[in-house]
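fold the following, please.
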Amino acid sequence: MKWRCLAVVAIGCLLGVALSAPAQDTEKKDKDEFYGTITKYVIDAAELAEIGKKDKAPEAYLAAAGLLLKVQAFTEFKPFQTLEPADEPEVPKKGKKGKPRAKKAAAQEPTFQKQAQDLFDAARGLGVMKSADLEAMIRVVKARDYTRTDEYKAFKYKARTIAGDGGPKQISRKVQVGGSHPYLIRFAANEPAAVAVKSDVPVRFRVGVPGKPPLLDTIVTTTRFTWTPEGNASSNVKVEVVGKDKPAQYTLFAH
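Below is the predicted model of the structure:
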């Protein structure tokens, strides 16, 4: 009888492993998709906008606008949290009477709805389509309800069930030629992570753990990088935006 009991226990353990492995795979896939969704759409939109400008393609502008409206819907019209820079703040210049000038408040990042509207206007400005046809296409993009899709429902479910997620963060700044804007961003170990940058001119974009070889070191206008930090505890990841040949206005995202 004893061996039969042991056999039952062994089979139960095997079945437990067999059942838990797919569950773990599903959970990992859900997290990968959740953490990558928003930054992917934002960067895809930026790349489509670049195509629209380069090729004078209004359809690319409209596709980009649609992605931004989707992000707006998925994030429930709430602004992203702000990333905090790790570099020293600029020292205010002195005024005529020797007193430091008041530092201007950081400009608010336009809503994704406003950015989408700017893309619609850019498409209109190309002048390569009949106005009536273009306006009809714009109305279709604006009227689409992104909250009535299976993708939206799945995203909101993951947002509720994945613990410890503070949502995407962003910051928009201008870096001068040769200037460096470092950020120390804390990511959980063994959890998906994503950072992305979009800039109006090329910048150097570095990602890495302090004291170790960089995970990414590239010159881009727009890119997105995803990885899974390893270790037993959360750690700081250094993200750096460096100015190249021209002053650059950029936005950095992390999730």
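
from here on, just use CA atoms for contacts and neighbour counts.
Fine.

list the buried ones in stretch 143-152?
Buried residues in stretch 143-152, counted by 16 or more other C-alpha atoms under 10 Å: Tyr146.

where does Tyr183 fall, secondary structure wise?
strand 180-187 (DSSP states H and E).

give the pairing partners of the helix or strand following that strand; include direction for each.
If you walk from strand 180-187 toward the C-terminus, the next helix or strand you reach (DSSP H and E) is strand 193-208. Strand pairing for strand 193-208, using DSSP bridges, gives strand 216-227 (antiparallel), strand 235-243 (antiparallel), strand 248-254 (antiparallel).

now do strand 193-208 against strand 180-187, angle only.
130 degrees (axes from the mean of the first three to the mean of the last three C-alpha atoms, to 10 degrees).

contacting residues for the residue positioned nearest the centre of the chain?
The chain has Thr39 as the residue nearest its centroid, 2.5 Å off, counting by C-alpha atoms, centre = their mean. By C-alpha atoms under 8 Å, 6 or more residues apart in numbering, the residues touching Thr39 are 168, 194-196, 224, 253-255.

okay if I get those residues as TSV plus pLDDT and distance to Lys238?
Compiled in TSV, those are given as follows (pLDDT from 0 to 100; distance: C-alpha to C-alpha, whole Å):
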residue	pLDDT	distance to Lys238
Pro168	84	17
Ala194	91	13
Val195	93	11
Ala196	95	13
Arg224	93	15
Phe253	93	13
Ala254	91	12
His255	84	14
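
ok so, going back, ramachandran coordinates for the residue nearest to the centre of the chain?
phi -60, psi -30 (degrees, to the nearest 10).

next one: it from Ala136, what distance?
For Thr39, the distance to Ala136 (C-alpha to C-alpha, to the nearest Å) stands at 29 Å.

check the offset of stretch 143-162 from the chain's centre.
17 Å (C-alpha atoms, centre = their mean, to the nearest Å).

list the buried ones in stretch 113-123?
113, 115-117, 119-120, 122-123.

and the helices in this protein?
Applying DSSP state H to the chain gives helices spanning 2-55, 58-74, 112-126, 131-143, 150-161.

can you flag the weakest of those helices by average pLDDT?
Comparing mean pLDDT across those, the weakest is helix 2-55, with a mean of 64.

so which of the strands paired with strand 193-208 gets nearest Glu76?
Ranking those by proximity to Glu76 (C-alpha to C-alpha) places strand 248-254 first, at 17.7 Å.

for the stretch 151-255 of the chain, which spans come out with low pLDDT?
Applying pLDDT under 70 to the stretch 151-255 of the chain flags the ranges 161-166.

hmm, try it at 90
Applying pLDDT under 90 to the stretch 151-255 of the chain flags the ranges 154-169, 186-193, 209-212, 227-236, 255.

and Gly211, how far is that from Lys238?
Gly211 is 10 Å from Lys238, by C-alpha to C-alpha.

who has more neighbours out of the two?
Remark: of Gly211 and Lys238, Lys238 carries more neighbours, 18 against 6, as counted by other C-alpha atoms under 10 Å.

measure the closest residue to that one other than its chain neighbours to Val141 for me?
Among residues not flanking Lys238 along the chain, Leu184 sits closest, at 4.7 Å (C-alpha to C-alpha, 6 or more residues apart in numbering). As judged by C-alpha to C-alpha, Leu184 and Val141 stand 37 Å apart.

more neighbours: which of these two?
Neighbour count, other C-alpha under 10 Å: between Leu184 and Val141, Leu184 has more, with 20 against 17.

surely the more buried one touches Val195?
No: between Leu184 and Val195 there is no contact under C-alpha atoms under 8 Å: 11.9 Å.

coming back round to it: by contact count, what packs against the strand holding Tyr183?
Helices and strands touching strand 180-187, by 3 or more C-alpha pairs under 8 Å, 6 or more residues apart in numbering; DSSP states H and E, are strand 235-243.
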